[in-house]
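In: Take this sequence and fold it.
(one chain, ligands or ions: 4)
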Amino acid sequence: MADRRYSIGYALLPKKQQSFIQDSLVAVACTRGIDLVKIDQERPLVDQGPFDCVLHKLYGGDWRRQLEDFRARNPGAVIVDAPDAIERLHNRISMLQVVSELKIESQTESFGIPNQIVIYDKETLFDEHAWASLKFPVIAKPLVADGSAKSHKMALIFNHDGLNKLKPPIVLQEFVNHGGVIFKVYVVGQHVKCVKRKSLPDVSEEKLGSLEGSLSFSQVSNLATNERNDDKYYKLMHLEDTEMPPQSLITDIARGLRKAMKLNLFNFDVIRDSRVGTRYLIIDINYFPGYAKMPSYETVLTDFFCDIVHSREKGEVDGPNCLEKDDSSDKSGFDVRPVHSCDQAVRKLVSNIADGDDGALPVSPHSSLA
Ligand SMILES: O=P(O)(O)O[C@@H]1[C@@H](OP(=O)(O)O)[C@H](OP(=O)(O)O)[C@H](O)[C@H](OP(=O)(O)O)[C@H]1OP(=O)(O)O
Ligand SMILES: Nc1ncnc2c1ncn2[C@@H]1O[C@H](COP(=O)(O)OP(=O)(O)O)[C@@H](O)[C@H]1O
Ligand SMILES: [Mg+2]
Ligand SMILES: [Mg+2]
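Out: Residues are numbered from 1 along each chain as shown. Ligands and ions are numbered 1, 2, ... in the order given. This is a model prediction of the structure:
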């Protein structure tokens, strides 16, 4: 047992609390002197504690004010992360803007974001000039990414007919064929871990010509389980055969994003462009994602908590974020476990693909994966 004990308060929605605050995490943290304490959301934060650090994933003005009051009264406590920094991730345009600010040199690979536009009203949606720079198929994503179920509802749009049921404000982003596998990169302070997940299957030019309308879906890489190893979808996506991206590139992007966004707890989704096998595209960044799905999450998070409280003691942490430390000792890890699986609807859709066996997406208009 460690000598001095530290208290980390957490304020999370019930679902998040259930997935993140597992007994295994509490136990590992406890042996290293860290007590994880639930913040009572029915009472003012300033009346609770003392906390060496506050972890949170809550939305809204009231919570922001509570954090400000808490910070004013407890200037020595660390708030992970600053609400202003998190805010950027609640809009799918500002979320990815930061990617273009990164300066990373690579002789062999390149990275960026897919071509995209933002549409604020129906009029612009049907204005073909607004579309001049985009090529079908595209994905329509809600502009707001606030954690609501609505903010994860997306649609694959194959042609102009598919626009009718879209409700601006939306981001229209070119769909990039990527072999049906997505890379999720989890960042916890200095720690970086990349895992593979299933994604949407490719859409061939040939199939695109015969498709009409749109296809709705939601959280494909994060659907419920019951997967069997003989699952057609699983086989089709060749998850295990898929090569991981270069570790150095992923670590450099993660480190660059962390610094630019001033965030410690996030993940980002990366796809590899099938047309240019050395090109990587970042399509999504999430604050405080589902870390319990990350291998060794208990030790990774506990290391991070220890880093925070010890740095704070040494006076290395400044104010509401803990980014002042030297970043040179980044630990990176790669994990190739296939983590998630598809639900029945996805399985049904993809079994068509397996029957056709060309790996491209055959869909009827307005069918739904969700
Ligand atoms: O709960 P989980 O484990 O599915 O985590 C969700 C994340 O899944 P991931 O870790 O990327 O597989 C999920 O990531 P995606 O957006 O699906 O890429 C989000 O971060 C989600 O948070 P929110 O709904 O956007 O606020 C996360 O949901 P919350 O746990 O924050 O509600
Ligand atoms: N530009 C794109 N090209 C190809 N597939 C994409 C693209 N954008 C998103 N996807 C697919 O759609 C899924 C959901 O999109 P994402 O932007 O990650 O939203 P969410 O925040 O709901 O996870 C991704 O996991 C991926 O499978
Ligand atoms: Mg995502
Ligand atoms: Mg997301």
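In: Distance check, residue 169 against ligand 1.
Out: Using CB to the nearest ligand atom, to the nearest Å, one gets 17 Å for the distance from residue 169 to ligand 1. Glycine gets a C-beta too; all of them are placed from N, C-alpha and C.
In: ok, now which ones touch the nearest residue to that residue once chain neighbours are set aside?
Out: Using CB to CB, 6 or more residues apart in numbering and skipping the chain neighbours, the partner closest in space to residue 169 is residue 143 (4.0 Å). Each residue near residue 143 by CB atoms under 8 Å, 6 or more residues apart in numbering is listed here: 91, 92, 93, 118, 168, 169, 170, 171.
In: cool, and residue 35?
Out: 5, 6, 7, 8, 29.
In: so the first one makes contact with residue 36?
Out: Which is residue 5. No: contact between residue 5 and residue 36 fails when scored by CB atoms under 8 Å: they sit 11.4 Å apart.
In: Which one's more surrounded, these two?
Out: Using other CB atoms under 10 Å as the criterion, residue 5 and residue 36 rank with residue 36 on top: 18 against 13.
In: Dig out what that one forms beta bridges with.
Out: residue 8 (DSSP bridges).
In: i'd like the first residue to be 52 from this point on
Out: New numbering, starting at 52: the last item is residue 87.
In: Distance check, it against residue 334.
Out: Distance of residue 87 to residue 334, given as CB to CB, to the nearest Å: 32 Å.
In: Would stretch 324-339 count as contacting ligand 4?
Out: Yes: with CB under 5 Å from the ion as the criterion, ligand 4 is reached by stretch 324-339 at 335, 337.
In: which residues are in contact with that stretch?
Out: 67, 106, 108, 132, 137, 140, 143, 146-147, 149-150, 159-165, 196, 224, 227-230, 233, 253, 296, 300, 304, 308, 312, 314, 316-323.
In: Just the buried residues out of the residues you listed, in PyMOL syntax.
Out: Command for PyMOL, covering only those of the contacts of stretch 324-339 found buried under the criterion 16 or more other CB atoms under 10 Å:
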select buried, resi 67+106+108+132+137+140+143+146+147+149+150+160+162+164+165+196+224+227+228+229+230+233+253+296+300+304+308+312+314+316+317+318+319+320+321+322+323
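In: Restricted to strands, list the contacts of stretch 324-339.
Out: 106, 108, 161-163, 224, 233, 316-323 (DSSP state E).
In: how many neighbours does residue 257 have?
Out: 9.
In: ok, it to residue 251 distance?
Out: 17 Å.
In: ok, now residue 316?
Out: Counting by CB to CB, the gap from residue 316 to residue 251 is 26 Å.
In: Not counting sequence-adjacent ones, nearest residue to residue 299?
Out: residue 157 (7.9 Å).
In: Now do the SS call for that neighbour.
Out: For residue 157, the assignment made with DSSP: H, G, I helix; E, B strand; the rest coil gives coil.
In: State the number of residues packed around residue 183.
Out: 8.
In: quick one, what contacts it?
Out: Residue 183 neighbours (CB under 8 Å, 6+ apart): none.
In: pLDDT weak spots in the stretch 52-201 of the chain?
Out: Flagging of the stretch 52-201 of the chain using pLDDT under 70 yields the residue ranges 52-53.
In: please redo it, this time with the cut-off set to 80
Out: 52-54 (pLDDT under 80).
In: Quick one: name the residues of the stretch 202-351 of the chain near ligand 2.
Out: 203, 205, 224-227, 229, 233, 250-251, 270-272, 320, 322, 334-335 (CB under 6 Å from any ligand atom).
In: re the thing from before, and the contacts of residue 194, which two are furthest apart?
Out: Farthest apart among those by CB to CB are 142 and 219. That separation is 13.8 Å.
In: circling back to that earlier point, ok, the contacts of residue 194 vs ligand 4, which is closest?
Out: Taking CB to the ion as the measure, ligand 4 sits nearest to residue 143 out of the contacts of residue 194, at 8.3 Å.
In: distance of the closest residue in space to that closest one that isn't next to it in sequence from residue 337?
Out: Excluding its sequence neighbours, the residue lying closest to residue 143 (CB to CB, 6+ apart) is residue 222, at 4.7 Å. Distance, residue 222 to residue 337, by CB to CB: 15 Å.
In: what bridges to residue 331?
Out: Beta-bridge partners for residue 331, by DSSP bridges, are residue 162, residue 323.
In: per-residue confidence for it?
Out: Residue 331 is assigned a pLDDT of 98 by the prediction.
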